[in-house]
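J.: Sharing a sequence plus its predicted fold:
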2 protein chains.
Amino acid sequence: MKNQFYLYIQNLQNNITQALEEIDGKAKFKEDIWQRDEGGGGQSRVIENGDVIEKGGVNISAVHGPLPKSMQAYFKVGEVNFYACGLSLVLHPKNPMVPTVHANWRYFEMYDKSDQLIDQWFGGGLDLTPYYLFDEDAVHFHQQCKKACDAHHPNFYADFKAHCDQYFHNEHRDEARGIGGLFFDYLKANETFSIQDRYDFTTEVGNEFLNAYLPILNKRKDLPFTEAQRNWQEIRRGRYVEFNLIHDKGTLFGLKTKGRIESILMSLPPHVQWRYDHHPEKGSEEARLLSVLKNPKEWV
Amino acid sequence: MKNQFYLYIQNLQNNITQALEEIDGKAKFKEDIWQRDEGGGGQSRVIENGDVIEKGGVNISAVHGPLPKSMQAYFKVGEVNFYACGLSLVLHPKNPMVPTVHANWRYFEMYDKSDQLIDQWFGGGLDLTPYYLFDEDAVHFHQQCKKACDAHHPNFYADFKAHCDQYFHNEHRDEARGIGGLFFDYLKANETFSIQDRYDFTTEVGNEFLNAYLPILNKRKDLPFTEAQRNWQEIRRGRYVEFNLIHDKGTLFGLKTKGRIESILMSLPPHVQWRYDHHPEKGSEEARLLSVLKNPKEWV
């Protein structure tokens, strides 16, 4: 299963980076291959200063070895070995009319001391962070999420959409990071689903990513924008940084277990602003976005 | 003691904001008075878009009530009442030749259920974060720190300088946030010092702040700088954000206990950049700064 999924994310990384380079037309992904001292490593691909993508990363990694102490407590297990692989991507477009997108698909295995497999699961999802809210884009993105879910179980979309709204929440601001999408974790084999079913679902969501995001990117990337709109984008990117550094479990886990810093923090936006006590004008498009972030909507 | 110290920080806030407005010449501090639901409140003073100070806050607060659950665990006490007051300041100058400065002076009391005082202590310090390193500025800043310390105990400077280097450390980057200064905490009455002695020391450090920082600000604020140097400043400000959001106990405590967000996050710089895997040129001034941040120096 781990080889099957690693092959899948390698191909997905190729497909996504190729499609993005074609759309950008100017910048190319730079690849960095890195090794982890304790076992495994990764291939990071980062793009910067494109015509369309201001900064983005599409990274894969496969790490293994003894489960770090901090993670033993987190998973409530003793001394075990683990294998984890996944693809993580974040794209920060230049144009404030195009939303930032994040996605991740991952697979985890745990082994006892005689290297017998004792646990395995899939996780992942995708979510959208707009600076200006085009309702039709939000509907399109969620429709693609729902389509991938509905092919596997009638409850998946509602469950994983709710989980996404709950997870990508800036508690200290009492607002969502964006307009959500899907978030799922600990998808294990059970009475209803085999581990192959979990693989099929996770990869179906992966396959839907470009269909969910590229039409939005293409539709909005050449819209005109003002300096004030660009400032708003940079201020909102500040909230993105706050979420990733304060609340995101993946980021914090990576930092505390000495993952490759530059691969983990590729998620941070290129230009960011913090202004004191900033509030958009009443009745503005900026204020409308905030009101949706305060009260997550059902889009489909 | 609490009234004495609160009066002190009110005066100090006035002195510092007045001196900074005079030097800036353009921007004025904006005052926000806020109340805490559970007891107490504060006066935040924030300055933005000055000729000299790009963004800065000089905030005081005095809060009290039942010690929040999360703080009970932190202090290893049961259900007690508390009182805490302090002044916190962060100044982000526009010119990359001027260092960012942070300082804080605070006083804490704890009471049992019959409102008897069971503990009290002082804490605080000041530290400097340069973007370009002028050795004479670092020496001056540390000399002023040492002067305030030496008036009270021959070990204070060495101890509190070391504590500062240890505390303001971006563990995940393996580098210091800046070139340090002083950091002290839990200064309680003991065989050697009365609580009045602790007050005298803490306020002596507070009184030294303007002497430590203003000569540097005045000497560097009109130096010419290039766009590349400004970019370097914004990239390094990213490290400042990383420290405050990932490691700083005061920031995290404030966020988790629902303090006033805008007063807590006034510490974040106005314009910030994150570039992927950025490294300064070998032998450059930027590289020299990094090497000092990797290996904290003795400046006096």
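T.: In hand now; what should we look at? Numbers count the residues shown, from 1 in each chain, chains lettered A, B, ... in the order given.
J.: Which residue is the nearest non-sequential neighbour of the residue in the stretch 101-250 of chain A that chain B sits nearest to?
T.: Scanning the stretch 101-250 of chain A for proximity to chain B using C-beta to the nearest C-beta identifies residue A:245 as nearest, at 3.9 Å. In this view, the C-beta of every residue, glycine as well, is placed from N, C-alpha and C. Distances taken as C-beta to C-beta, 6 or more residues apart in numbering or on different chains place residue B:245 nearest to residue A:245, at 3.9 Å, with adjacent residues excluded.
J.: can you pull the contacts of that neighbour?
T.: A:241-242, A:245-246, B:251 (C-beta atoms under 8 Å, 6 or more residues apart in numbering or on different chains).
J.: Next: residue A:48.
T.: Residues in contact with residue A:48 (C-beta under 8 Å, 6+ apart) are A:27, A:30, A:54-56, A:270, B:275-276.
J.: got the phi/psi numbers for residue A:95?
T.: Main-chain dihedrals, residue A:95, degrees, to the nearest 10: phi -80, psi 120.
J.: just residue A:269 next, same as before
T.: Dihedral pair for residue A:269: phi -70, psi 160, per degrees, to the nearest 10.
J.: Look up the closest residue to it, ignoring the ones flanking it.
T.: Of all residues not flanking residue A:269 in the chain, residue A:237 sits nearest, at 3.9 Å (C-beta to C-beta, 6+ apart).
J.: Show me which residues of the helix or strand containing the one you found are buried.
T.: Of the helices and strands defined by DSSP states H and E, residue A:237 is found in helix A:227-242. Residues of helix A:227-242 classed as buried: A:229-230, A:232-242 (neighbour count, 16 or more other C-beta atoms under 10 Å in any protein chain shown).
J.: what's the answer for stretch A:18-38, then?
T.: For stretch A:18-38, by 16+ other C-beta under 10 Å, it's A:20-21, A:24, A:27, A:29, A:32, A:36.
J.: Please go through those and note which also touch chain B.
T.: The residues of those that also fall near chain B, by C-beta under 8 Å from any C-beta of the partner chain, are residue A:32.
J.: Which pair of the buried residues of stretch A:18-38 spans the longest distance?
T.: The distance between the two most remote of the buried residues of stretch A:18-38 (C-beta to C-beta) is 29.9 Å, for A:24 and A:36.
J.: quick revisit: of the contacts of residue A:48, just the buried ones, PyMOL syntax please.
T.: The PyMOL command for the buried members of the contacts of residue A:48 (criterion: 16+ other C-beta under 10 Å) is given here:
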select buried, (chain A and resi 27+54+55+56+270) or (chain B and resi 275+276)
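J.: now residue A:255: how far from chain B?
T.: For residue A:255, the distance to chain B (C-beta to the nearest C-beta, to the nearest Å) stands at 4 Å.
J.: returning to that earlier point: so what does the helix holding residue A:237 touch, helix or strand wise?
T.: Under the contact criterion of 3 or more C-beta pairs under 8 Å, 6 or more residues apart in numbering or on different chains; DSSP states H and E, helix A:227-242 touches strand A:271-273, strand B:271-273.
J.: Just put those strands in TSV and tack on distance to residue B:200.
T.: Below are the helices and strands packed on helix A:227-242 laid out as TSV (distance: least, C-beta to C-beta, whole Å):
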stretch	distance to residue B:200
strand A:271-273	41
strand B:271-273	39
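J.: Take those strands and write them to TSV, including mean pLDDT, distance to residue B:74 and mean neighbour count.
T.: Formatted as TSV, the helices and strands packed on helix A:227-242 follow (pLDDT from 0 to 100; distance: least, C-beta to C-beta, whole Å; neighbours: other C-beta atoms under 10 Å in any protein chain shown):
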stretch	mean pLDDT	distance to residue B:74	mean neighbour count
strand A:271-273	98	30	22
strand B:271-273	98	29	22
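J.: so who does whichever residue of the stretch 1-150 of chain A sits closest to chain B touch?
T.: Of all residues in the stretch 1-150 of chain A, residue A:46 sits closest to chain B, at 4.6 Å by C-beta to the nearest C-beta. By C-beta under 8 Å, 6+ apart, the contact list for residue A:46 reads A:29-30, A:32, A:55-57, A:59, A:266, B:276-277.
J.: Also residue A:101?
T.: A:89-91, A:126-129, A:213.
J.: what's the answer for residue A:92, then?
T.: So residue A:92 contacts A:53-56, A:100, A:237, A:269-270 (C-beta under 8 Å, 6+ apart).
J.: Now residue A:125: which helix or strand?
T.: strand A:117-129.
J.: what helices or strands is that strand leaning on?
T.: Strand A:117-129 sits against strand A:100-111, helix A:135-150, helix A:156-167, strand A:180-187, helix A:195-220, with contacts defined as 3+ C-beta pairs under 8 Å, 6+ apart.
J.: how about those in a markdown table, adding distance to residue B:41?
T.: Listed next are the helices and strands packed on strand A:117-129 as a markdown table, based on distance: least, C-beta to C-beta, whole Å:
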| stretch | distance to residue B:41 |
| --- | --- |
| strand A:100-111 | 36 |
| helix A:135-150 | 39 |
| helix A:156-167 | 31 |
| strand A:180-187 | 35 |
| helix A:195-220 | 43 |
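J.: Which of these sits closest to residue A:174?
T.: helix A:156-167 (13.1 Å).
J.: Pull out the buried positions in the closest one.
T.: Buried residues in helix A:156-167 (16+ other C-beta under 10 Å): A:156-157, A:160-161, A:163-165, A:167.
J.: Among those, pick out the one closest to residue B:189, please.
T.: Ranked by distance to residue B:189 (C-beta to C-beta), the buried residues of helix A:156-167 are led by residue A:167 at 46.8 Å.
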